[in-house]
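Chemist: Next come a sequence and a model predicted from it.
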Amino acid sequence: MNELLRAALVIARRDFTAVVFSRTFILFLLGPLLPILIGMAFGGLGEKISSTDLRPVVGIAMSPSEAARLERAHERLAERMGEQALVRLRRVPLTPAPRIQLAQPGAGVVAILSGSVAHPLLTGKPEDLDKMQGDLSLIASAAQAEDTLRLVQVERQEVTTSTGAQAQARLLIGRIAQVVMFFLTILLAGMILSNLVEEKTNKIIEILAAAVPIDAIFLGKLMAMLAMSFVGIAFWGGTAFAIFLALHGGASVLPAPAVGWPVFLILAVVYFAMAYTLLGSLFLGIGAQAATVREVQTLNMPVTMGQMLIFFFASYAVDHMGSTPEIAACIFPFSSPFAMIARAAQDPAIWPHLLAIVWQGFFVALIIRIGVLLFRRHVMQSGGAWWKKLFRTTTG
């Protein structure tokens, strides 16, 4: 076992230095930041468009005093309900008639409200009237009650904690942790599919197999890719934390998960490592059977779809704590890291995580073992029935 671990560390150090100290690794680190920056820019632009330009505009064809009453009522309601909840108002001439104004090119309004505040008349297409009639009725009612409406003062009674708000916050933390873990796993684990193709093509794998056990090659490559992933996560996490501090000025706005932040962050690192090694060992075994890069590219689609199905299964279970799907997601090895990190956000118990980590580690070893035996049989053309050697100790 010591010789196997030493050989695996040699392979890991070789692959790690070859990847991390290459020029392309810098582009790999910067790659995920570009879509985030572009998404933030377009997200802000889209929010501005959705909150302003896409709201329907209603023309007000009333006397100046009546139109002013509607505008004041609109402002009061917008302060409470938000601008997006109400249509926009714009004054239009009293003549010609609303039907004629709406038919003219460049009218700029979807419908026209005429008459008076007490007896408003809305003119427009039927589907537009159905959408806006309720909002305009509310605005007109607020305008008519401007002089007589008296708001009831609501007394405040503040509390330091709210179990409902705390549960919602912890559920949100669990979902965010799942999404981040899934994003990192799908971004990083897929690289393992093509890890052995180049070395198989150049016959380097045969030289390595003659020098060290194939188990050590698989384990070493998995360790190297995991270490490379942690380098990327440290860079991306540090950048994201710096942006968060710049925007919010501190971490006090973050609610605490059930197990506390220190334990939660440790579990997040461990569960990411487990999710990565579970999928990575599976991908390494599958990719080791491929002979060309084209075959690896063909495998990418079903592998990605399988990852998404696992994530959706764990995501469904996050708000069904204690239910059969949630327990099944915790037991199924490939969804277990995602389900358990969500449980850590909502349940303070620690012992289930220790059991889950041991369970996941067992499957990592099992998958690596199966992948090694299949690789030796189908690629190296050696060995007998692989299931008979599944639990035997290999020496080469």
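Modeler: Nice, I can see it.
Chemist: got a list of what residue 372 touches?
Modeler: 214, 215, 218, 285, 394 (Cβ atoms under 8 Å, 6 or more residues apart in numbering). Using the backbone N, CA and C atoms, a C-beta is placed for each residue, glycine as well.
Chemist: measure stretch 101-118 end to end?
Modeler: 23 Å (Cα to Cα, to the nearest Å).
Chemist: buried stuff in that stretch?
Modeler: By neighbour count on 16 or more other Cβ atoms under 10 Å, the buried set for stretch 101-118 is 101, 102, 109, 110, 111, 112, 113, 114, 117.
Chemist: and the two most separated of the residues you listed?
Modeler: 102 and 117 (21.2 Å; Cβ to Cβ).
Chemist: got JSON lines for the buried residues of stretch 101-118, with distance to residue 281 and pLDDT too?
Modeler: As requested, the buried residues of stretch 101-118 are exported to JSON lines (distance: Cβ to Cβ, whole Å; pLDDT from 0 to 100):
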{"residue": "101", "distance to residue 281": "70", "pLDDT": "86"}
{"residue": "102", "distance to residue 281": "66", "pLDDT": "87"}
{"residue": "109", "distance to residue 281": "63", "pLDDT": "88"}
{"residue": "110", "distance to residue 281": "58", "pLDDT": "88"}
{"residue": "111", "distance to residue 281": "62", "pLDDT": "90"}
{"residue": "112", "distance to residue 281": "67", "pLDDT": "91"}
{"residue": "113", "distance to residue 281": "66", "pLDDT": "91"}
{"residue": "114", "distance to residue 281": "72", "pLDDT": "91"}
{"residue": "117", "distance to residue 281": "71", "pLDDT": "89"}
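Chemist: For stretch 136-150, what does the pLDDT average out to?
Modeler: Stretch 136-150 carries an average pLDDT of 78.
Chemist: so residue 272 touches residue 184, yeah?
Modeler: Yes: using Cβ atoms under 8 Å, residue 272 is in contact with residue 184, at 6.4 Å.
Chemist: Which neighbours do those two have in common?
Modeler: In contact with both residue 272 and residue 184: residue 233, using Cβ under 8 Å, 6+ apart.
Chemist: Who has more neighbours out of the two?
Modeler: residue 272 (24 against 19; other Cβ atoms under 10 Å).
Chemist: Quick check: the gap between that one and residue 340.
Modeler: For residue 272, the distance to residue 340 (Cβ to Cβ, to the nearest Å) stands at 11 Å.
Chemist: which residues are in contact with both of the two?
Modeler: Counting by Cβ under 8 Å, 6+ apart, nothing touches both residue 272 and residue 340.
Chemist: just to revisit the earlier point, turn the buried residues of stretch 101-118 into CSV, including distance to residue 232 and secondary structure.
Modeler: Listed next are the buried residues of stretch 101-118 as CSV, based on distance: Cβ to Cβ, whole Å; DSSP: H, G, I helix; E, B strand; the rest coil:
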residue, distance to residue 232, secondary structure
101, 60, helix
102, 57, helix
109, 52, coil
110, 49, coil
111, 53, strand
112, 57, strand
113, 57, strand
114, 62, strand
117, 62, coil
